[in-house]
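Colleague: how would this look folded up:
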Amino acid sequence: MQYEAVIGLEIHAQLLTESKMFCGCSTKFGSEPNSQTCPVCIGMPGVLPVTNKKAIEYVIKTGLAVNCDIAPYSRFARKNYFYPDLPKGYQISQYELPLCGHGFIEINIDSETRKIGLTRIHLEEDAGKNIHEGAGNYSFVDLNRAGTPLMEIVSEPDIRTPQEAVEFMKKLRSLVRYISVCDGNMEQGSLRCDANVSVRPVGQKELGTKTEIKNMNSFRFVEKALDYEIKRQIKILREGGKIIQETRLWDSDRGITESMRSKEEAHDYRYFPEPDLVPVEVDDAWIERIQAQLVELPDSKRKRFSSQYGLPEHDAALLTSERAMAEWFEKAVDLGGDPKAVSNWMMGELMRLLNEENRQIEECSLKPGQLAGLLNLIDQGTISGKIAKTVFEEMYRTGMDAAAIVKEKGLVQVSDESEIEKVIDEVLAKNPGEVERFRGGEEKLMGFFVGQAMKMTKGKANPKVLNELLKKKLGNL
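Modeller: Here you go, the predicted model:
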């Protein structure tokens, strides 16, 4: 029997507000443990929460970006459970009346576009963090993160493969970064993923028993965990067993999922309306103000890059995957760079150097105008494409302009025919055997002669002039 997987994702995105969801404490990452707390976020008796308006606006902005309906009336609820990192003994979340619902995200898999539905987007507060490393049989609790605004994005069970799940996450991460509501930093926990997974015989409409996988903080782990869990469930069913509804953890060291606890249902949390907060009412004017703040989104920008700049689909998709990358490209083009040339240099040399140092383009000292200047030197014949790579790396390392580097290092291209002809004559005189073989039909030796001439000129010979003169010279022998 053939089986298929049914996957739904729950993405938790930490919102880029400066203060927490219900108090004025800072959300800054990496501070001294328990230094960003107050009576509200550590759950002292008698304190009252106050809703962070900016967090609500960020959720609405996200909902608009992913085609959701925005609820005119929503409210917060208490989700009751007990864990050391939850000081109040409950989490303020949303349950039956979320801020956003019924949206979708389109992903592209093997040149096919698939629409993944979104059930809801709601707002809640984060818990603290348990720290188990240290001396003795103790665990520590850091409540700096407790009360930080979290946006939970819940997909429909429309995902069928681990690869689709990863593509969905990448698309969502790109989008929340584009609209500046979340930094998408998975290593720091700003973007986290839980997955609900079940399998069923191909053709069956009824869903199988699901498990929930937690502890996934990278695209690679999401793909590996889902792949393992799908195979595990199929093996159980083929051997006549039953899937247990439970929560499982991904162990990245062993490459397996393992049971954590039985899966809770909604009634286990005893949800009820939060008595200390008034409902949230969103009118059309508020929605219109937020809508006006939306920038051009990745899908729209990708299509425009293809049509306006004549870029191949692959180039356009890569350049628009990050807002900062797309803006860098357009600025370089606006300053005179040929679109395809700018694209090639960005996807080649620039991405190589950034990846080597694990840096983002925002951290790059090389400016768009400097790349445009380098391309201008190539177009004018001042430097060759080969020398340009050396100049580009120097620009990246030092922040100097291309023209200054070329002048300082004496890298101006040699285009004078008489000078190049002298070099060719010397190369041919030094290699009579290769000349005879070329005359005998070994035309691939042309590359050898070009290489020798380039070596003698330290790469400064104009490749076009060099090739033309070589062909002419060898043809007359």
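Colleague: just checking, what packs against the longest strand along the chain?
Modeller: Across the chain, the longest stretch assigned as strand under DSSP state E is strand 112-125. Counting contacts by 3 or more Cβ pairs under 8 Å, 6 or more residues apart in numbering; DSSP states H and E, strand 112-125 is packed against helix 53-65, strand 90-93, strand 100-109, strand 149-155, helix 162-178. All C-beta atoms are positioned from the backbone trio N, CA, C, and that covers glycine.
Colleague: Helix 162-178 and that strand, what's the angle between them?
Modeller: 60 degrees (axes from the mean of the first three to the mean of the last three Cα atoms, to 10 degrees).
Colleague: how about the helices in the stretch 151-300 of the chain?
Modeller: In the stretch 151-300 of the chain, the segments counted as helices under DSSP state H, counting those that start in this stretch are 162-178, 219-238, 284-292, 298-309.
Colleague: For the last one, which outside residues touch it?
Modeller: In this structure, residues lying in contact with helix 298-309 by Cβ atoms under 8 Å, 6 or more residues apart in numbering are 106, 171, 174-175, 178, 296, 311-313, 315-317, 319-321, 323, 326, 329, 333, 339-340, 343.
Colleague: Just the ones in helices from the residues you listed, please.
Modeller: 171, 174-175, 178, 313, 315-317, 319, 323, 326, 329, 333, 339-340, 343 (DSSP state H).
Colleague: now those residues: which count as buried?
Modeller: Neighbour counting over the ones in helices among the contacts of helix 298-309 (16 or more other Cβ atoms under 10 Å) leaves 171, 174-175, 178, 315-317, 319, 323, 326, 329, 333, 339, 343 as the buried ones.
Colleague: so which of these would you say is closest to residue 238?
Modeller: residue 171 (33.2 Å; Cβ to Cβ).
Colleague: quick one, what contacts the closest one?
Modeller: 105, 106, 107, 298.
Colleague: Just the pLDDT for it.
Modeller: You'll see residue 171 listed with a pLDDT of 94.
Colleague: repeat for residue 88
Modeller: 92.
Colleague: can you tell me the helix or strand for it?
Modeller: Here residue 88 sits in a region with no helix or strand, counting by DSSP states H and E.
Colleague: how far away is the closest residue to it other than its chain neighbours from residue 366?
Modeller: Excluding the flanking residues, the one nearest residue 88 by Cβ to Cβ, 6 or more residues apart in numbering is residue 43, at 3.5 Å. Relative to residue 366, residue 43 is positioned 48 Å away (Cβ to Cβ, to the nearest Å).
Colleague: Can you say which helix or strand has residue 7 in it?
Modeller: Judged by DSSP H and E, residue 7 forms part of strand 3-14.
Colleague: How about residue 351?
Modeller: helix 351-356.
Colleague: rewinding a little: please produce TSV containing the contacts of residue 171, extended by pLDDT, neighbour count and distance to residue 67.
Modeller: Putting the contacts of residue 171 into TSV (pLDDT from 0 to 100; neighbours: other Cβ atoms under 10 Å; distance: Cβ to Cβ, whole Å) gives the following:
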residue	pLDDT	neighbour count	distance to residue 67
105	96	21	8
106	94	13	9
107	93	21	14
298	93	21	14
